[in-house]
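# Have a look at this prediction, sequence included:
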Amino acid sequence: MGIRLILSLSVFLLSVEFAFCQFVNHHNPLFQPNIPRPLQGTTYTDIKFGTYITRITDARAIGIPGIIPNYSKRQAWNKDESLMLLQTGSGIFRLYNGTNYQFVCELTGVEGEDVFWHPVNVSTIIYNPGNALYSCNVNTNQSTLIKEFSNYLWANTRGEGNLSNDGRYYAFVGRYTDTTFNAIHVYDFQTNSIISSMNLPSNLADFDWVSISPSGNYVVVDYADEVTGRYHGVEVYSRNLNFIWQKPLGAGHSDLGIDVNGDDILVMDIYNSDSNKVFFKKFKLSTGQETVLLSTSQLFYDHISCRNELRKDWCFVSTFDNPGRLTHDSIGWLSFEDEVFALKLDGSKQVQRIAHHHSRRFSPITPDPDNSVYWAEPHATVSRIGNRILWGSNWNYRVDLDSSVDSYVCSFSHFIGINSINENVPEKFVLLQNYPNPFNPNTIIRYQLPVTNFVTMKVYDALGKEIKTLVNEKLQPGTHEVTFDGSNLPSGIYLYQLSAEDFIETKRMIMIK
């Protein structure tokens, strides 16, 4: 009888595990269960979603005011996901192993509003503590000055921008004082120079953030108001800072990404007073074309992450109750409340629901922004591959203390379709034709890797003279892309060559100016 019971239980557990190989994708409310806070280093299965969640820090045990991801718009993992960057509530950056989540070291001197992994170099962090860019080699913990913008007291993105995906371009706003915004600039790491500038109106009242787009072709500014007209709402410019379009979108949470069509996009939450709902919308940067992705209750806020580079058909959202909802219960629980989920970017309203984050910023004892812990917002940020997501949580425990907030990683790599994130990746190395072709002056080169490998990609002229090395690093399986900029080269035929293991392939591309 006992053996029969054990076998029945085993079959039941296996059937549960099998059922959890697929995402929850309906839009019905799923109440967050009250479960004990996990111990540091332990992993548990989310009972509503079947994902694996690991608590990786214990800030209170070591007397630190919280250990959290930097922000949803900032990538926590380096290029090959071997390392992870977290920060304390006091602004100290800490390095962790990207696989087993063990603490590595504190990074001396790395500080500022702009701190991010270099998108190509696995051992480099770029940071800006005031008006100068620095690089930090995390292997040696040594920093090097890249460029000082001495005309300004501050010169940064205001904490929400990133580099272009090739690590070449950086858009920033220059300020003489904390409340005066003077000009926007685009800096080119390759030429070590500012390549475009735009003065801002002297009466500018609001300014939230600025960033170069992932491709490096666009600059986006959120002026943080809902006014129609220049230097208001959200504006998009070319890399040369020529105006393209404007929309009165306000100061919603957002992120920039590249969708499955290869378009630079902005994903943003926008409150609509007529419906009293929050709408997630995608905006194509080249034209301003918008796509409605989903609507949710106005009783919670959210953060958006488009840091996934391979699962380009999704963005990732983390929600949390706002000051209008200080308490909640299972009866009145709302769809997507206190939740982390993926949202498809095609307007189909498809979701892949991932986990409850168990964090609470606003409560009866922490009722407003001035009397609550900011880091209790989850700020969920997705990995580059798109099979893990990281957030901060106080687990509803001592919500008035910053030391209650720790970092949690959720893995869903065991779900159907995640290990073959890009279904077009074949079982061999593939070098794809660049696009556009012909081009002027930029083109994107894509290639596919079946296994982790050291990859080199070089560009040659028609006579076989080497022009540039585009890639020279160890990369994980999947589809990768790199941008070639021929701004300083004449029109003509160029060759690009991919080398990995015993695989070597060369293709031709044409630049016409």
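Sure thing, it's come through.

# Show me what the helix or strand residue 446 falls within is in contact with.
In the assignment (DSSP states H and E), residue 446 maps to strand 442-449. Identification of contacts with strand 442-449 by CB atoms under 8 Å, 6 or more residues apart in numbering yields 215-217, 262, 422, 424-426, 429-432, 434-437, 455, 457, 470, 475-487, 496, 498, 500, 509, 511. Where you see a C-beta, it was placed from the backbone N, CA and C, and this is true even at glycine.

# I'd like the next helix or strand past that strand.
Downstream of strand 442-449 (by DSSP H and E), the next one is strand 453-461.

# buried sites along that next one?
455, 457-460 (16 or more other CB atoms under 10 Å).

# How about stretch 291-307?
So stretch 291-307, judged by 16+ other CB under 10 Å, has buried residues 291, 293-307.

# ditto for stretch 197-217
198, 200, 207-217.

# That one: end-to-end distance?
15 Å (CA to CA, to the nearest Å).

# quick revisit: out of the buried residues of stretch 197-217, who's nearest residue 53?
residue 214 (28.6 Å; CB to CB).

# Show me where the stretch 301-450 of the chain dips below the pLDDT cut-off.
Counting by pLDDT under 70, the stretch 301-450 of the chain shows low-confidence ranges at 417, 419-427.

# Nearest residue to the middle of this protein?
residue 307 (2.6 Å; CA atoms, centre = their mean).

# And for it, nearest residue in space, chain neighbours not counted?
Nearest non-adjacent residue to residue 307, counting by CB to CB, 6 or more residues apart in numbering: residue 75, 4.5 Å away.

# Residue 392 reaches residue 381, doesn't it?
No. Between residue 392 and residue 381 there is no contact under CB atoms under 8 Å: 9.9 Å.

# Give me the common contacts of those two.
residue 69.

# Show me the strands in the stretch 401-513 of the chain, by range?
Counting by DSSP state E, counting those that start in this stretch, one finds strands in the stretch 401-513 of the chain at the ranges 406-411, 430-431, 442-449, 453-461, 466-475, 478-485, 492-500, 503-511.

# before we move on, back to that, from the buried residues of stretch 197-217, which land in strands?
The strands, defined by DSSP state E, take in 198, 209-212 from the buried residues of stretch 197-217.

# Same list, the residues you listed, but as TSV with distance to residue 226 and pLDDT please.
Formatted as TSV, those follow (distance: CB to CB, whole Å; pLDDT from 0 to 100):
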residue	distance to residue 226	pLDDT
198	22	98
209	16	97
210	18	98
211	20	98
212	24	98
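
# Tell me which two of these sit farthest apart.
So, these by CB to CB: farthest apart are 198 and 209, at 15.3 Å.

# quick one: the strands in the stretch 1-150 of the chain?
Going by DSSP E, counting those that start in this stretch, the stretch 1-150 of the chain shows strands at 43-45, 52-55, 67-68, 83-88, 93-97, 103-106, 114-117, 124-128, 132-137, 142-148.

# between the longest one and strand 132-137, what angle do the directions make?
When axes from the mean of the first three to the mean of the last three CA atoms, to 10 degrees is applied, the directions of strand 142-148 and strand 132-137 differ by 150 degrees.

# what's strand 142-148 packed up against?
In terms of contacts (3 or more CB pairs under 8 Å, 6 or more residues apart in numbering; DSSP states H and E), strand 142-148 is packed against strand 132-137.

# got the contact list for the residue nearest to residue 307?
116-117, 119, 162, 307, 381, 383-384.

# 7 Å - rerun?
116-117, 307, 381, 384 (CB atoms under 7 Å, 6 or more residues apart in numbering).

# List phi and psi for it.
phi -80, psi 130 (degrees, to the nearest 10).

# how long is stretch 185-193 end to end?
10 Å.

# no no, stretch 432-441
19 Å.

# So which residues make contact with that stretch?
443-447, 485-487, 496, 507, 509-513.

# now stretch 227-242
Here stretch 227-242 has contacts from 169, 184, 186, 196-198, 200-201, 204, 216-223, 225-226, 243-249, 285, 288, using CB under 7 Å, 6+ apart.

# are any of those residues buried, and which?
Buried among the contacts of stretch 227-242 by 16+ other CB under 10 Å: 169, 184, 186, 196, 198, 200, 216-223, 225, 246-247, 249, 285.

# And the helices in this protein?
2-19 (DSSP state H).

# now that we have the contacts of residue 75, which one has the most neighbours?
Neighbour counts for the contacts of residue 75 peak at residue 381, which has 28 neighbours (criterion: other CB atoms under 10 Å).
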